[in-house]
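Trainee: For reference, the sequence and a predicted model appear below.
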Amino acid sequence: MLSAIDDARDEIVDFTSELIRVPTVNPPGDAYEDCARLLGAKLASIGFEVEYFPADGRPEHTRTHPRINVVGLRRGRAPRPSVHLNGHLDVVPAGSGWTVDPFDGTVRDGRVYGRGACDMKAGIAAAVFAAEAIRRAGADLAGSVEISGTVDEESGGFAGAAWLAERGRLSSARTDYVIIPEPLNVDRICLGHRGVYWFEIETRGRIAHGSMPFLGVSAIDHMTLIVDRLRRELVPVLAGRTTAMPVVPGAARHATLNINGIAGGQAVGGIQTPCVADRCRAVFDRRFLAEEPFDLVKGEIRALVDRVAAQTPDLSFDLRDLMIVHPVSAPADSPLVASLERAVQRVLGRAATHVASPGTYDQKHVDRIGGIRHCVAYGPGILDLAHQPDEWCGIDDLVSATKVIALAVLELAGL
Ligand SMILES: [Zn+2]
């Protein structure tokens, strides 16, 4: 079977390039249907039953930007065990700084270039050709293999993996194991990720003429007080908390807080208005650890802002939750992890390392909504190159990851 993958090297690269040439840029969610159809047609041509799932009921599923997911099923002798390989079709915008066309799928010097090359169109191609190599080798699987292409991972995955999980199409009732071929590097198995708490604080002041600020109450001044106290009192505490999860890079093994955005008063670049700002909003991104109960995460922020308010005349604020994602982790003794470990050892001749991701990805939906604990990320490409200009995936790694996934699927779905 492994030689079938070596023989398919050019096909794997060509399919990766083909996927890159469909510019599934998110936001706004361009060309999803074209990409879903491309993957669906490929799966149909290699023996999969293919279904398309428009994300009906989701507000972002619109006529101009339809959210179309695709799932292919190749039946074995029985429905279970079922191994599901899930990749996201969307890519982030190209941005500037490219020296190649980001949507050309250029192949040069043993690499495939383009937006989404590593994150994660190479991973989707690896999944497809892992399944195909099993077929070409004539293996008759006991269980079934599914491959899905889902939308919107880069913006939360609610019309994609979450939608399939909510509808039971990606759930423990029918699926045993899920591998998400995100670019975690070819010798690393990603068990899960930290939690996310996005929240917004809005301060409210009182408008007055900017020439007489003492007659008003500045919402911006009050926001800077809050930000300053969070930075001085909470951030050092967070830096002192360490998770046992193998998060990479090591600096992300601690709890963190980032300010994603801040806006108040006159719009930047807008018409000059000499006013005391009566409103200021800031969005915060708190990444929390499996060891931190969410009530503590939220409670300590609330308590600190309440303290600032109590010490500051006229400070009035609202704190709103925007998104809560709990940490997830596959059990370290999962048969899925063991299979991938054996496969990495066999293909690369070295031991796999276990990692966890600093940010989240669709595993949260597979685990939390779908109830599938045996889910990990494993795929080709170097994580640091994701979302960068001149993103690329090494072809040797792409071929190796295809082999690893094929061996793991073979073992998990059973002969
Ligand atoms: Zn990704």
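Mentor: That came through fine.

Trainee: Now the residue of the stretch 101-250 of the chain found nearest the ion, what are its backbone angles?
Mentor: For the stretch 101-250 of the chain, the residue positioned closest to the ion under CB to the ion is Asp119, at a distance of 4.1 Å. For glycine as for every other residue, the C-beta is placed from the backbone atoms N, C-alpha and C. Dihedral angles phi and psi of Asp119 (degrees, to the nearest 10) take the values phi -110, psi 90.

Trainee: Which residues of this protein lie near the ion?
Mentor: Asp119, Met120, Glu182 (CB under 5 Å from the ion).

Trainee: Would you format those as JSON lines with pLDDT included?
Mentor: JSON lines is the format used below for the residues of the chain next to the ion (pLDDT from 0 to 100):
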{"residue": "Asp119", "pLDDT": "96"}
{"residue": "Met120", "pLDDT": "97"}
{"residue": "Glu182", "pLDDT": "97"}
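
Trainee: Nearest to Glu51 among those?
Mentor: Compare each of the residues of the chain next to the ion with Glu51 using CB to CB and the shortest gap goes to Met120, at 21.2 Å.

Trainee: what about the strands in the stretch 201-350 of the chain?
Mentor: In order along the chain, the stretch 201-350 of the chain carries the following strands (DSSP state E, counting those that start in this stretch): 256-264, 279-288, 316-325, 328-329.

Trainee: circling back: between the residues of the chain next to the ion, which has the most around it?
Mentor: Highest neighbour count within these: Met120, with 31 neighbours (other CB atoms under 10 Å).

Trainee: where does this protein dip in pLDDT?
Mentor: Residues of the chain meeting the criterion pLDDT under 70: none.

Trainee: Can you name the next helix or strand after the helix or strand that contains Gly149?
Mentor: Under the criterion of DSSP states H and E, Gly149 resides in strand 144-150. Next helix or strand after strand 144-150 toward the C-terminus (DSSP H and E): helix 161-166.

Trainee: And the helix or strand just after that next one, what does it pack against?
Mentor: Of the helices and strands lying after helix 161-166 in sequence (DSSP H and E), the nearest is strand 177-180. Other helices and strands packing on strand 177-180, by 3 or more CB pairs under 8 Å, 6 or more residues apart in numbering; DSSP states H and E, are strand 82-88, helix 335-348, helix 363-368, strand 375-377, helix 395-413.

Trainee: Residues touching the third one, excluding its own?
Mentor: By that I understand helix 363-368. The list of residues contacting helix 363-368 from outside it, by CB atoms under 8 Å, 6 or more residues apart in numbering, reads 86, 157, 161-162, 165, 170, 178, 180, 192-193, 325-326, 328, 330, 372-373, 375-377.

Trainee: same thing but 7 Å
Mentor: 157, 161-162, 165, 170, 178, 180, 192-193, 325-326, 328, 372-373, 375, 377 (CB atoms under 7 Å, 6 or more residues apart in numbering).

Trainee: Now the buried members of those residues.
Mentor: With neighbours counted by 16 or more other CB atoms under 10 Å, the contacts of helix 363-368 contain buried members at 157, 161-162, 165, 170, 178, 180, 192-193, 325-326, 328, 372-373, 375, 377.

Trainee: Closest one to Asn26 out of the contacts of helix 363-368, please.
Mentor: Compare each of these with Asn26 using CB to CB and the shortest gap goes to Gly157, at 10.5 Å.

Trainee: Now whatever residue of the stretch 301-415 of the chain ends up closest to the ion. Nearest residue, chain neighbours left out?
Mentor: With CB to the ion as the measure, the residue in the stretch 301-415 of the chain that lies nearest the ion is Tyr361; the distance is 5.8 Å. Beyond its immediate neighbours in the sequence, the residue positioned closest to Tyr361 (CB to CB, 6 or more residues apart in numbering) is Glu182, lying 5.7 Å away.

Trainee: Check Arg204 too.
Mentor: Nearest non-adjacent residue to Arg204, counting by CB to CB, 6+ apart: Ser316, 4.7 Å away.

Trainee: quick one: the one you found from Glu18, how far?
Mentor: Relative to Glu18, Ser316 is positioned 55 Å away (CB to CB, to the nearest Å).

Trainee: burial count for Ala41?
Mentor: Residues within reach of Ala41, counting by other CB under 10 Å, total 11.

Trainee: same check, this time on the one 3 residues further on
Mentor: If you count neighbours by other CB under 10 Å, Ala44 ends up with 12.

Trainee: Buried ones in stretch 336-345, by neighbour count?
Mentor: Judged by neighbour count using 16+ other CB under 10 Å, the buried positions of stretch 336-345 are Leu336, Val337, Ser339, Leu340, Glu341, Ala343, Val344.

Trainee: With respect to Thr99, which of those is nearest?
Mentor: After measuring the buried residues of stretch 336-345 against Thr99 - CB to CB - the closest member comes out as Val344, at 32.3 Å.
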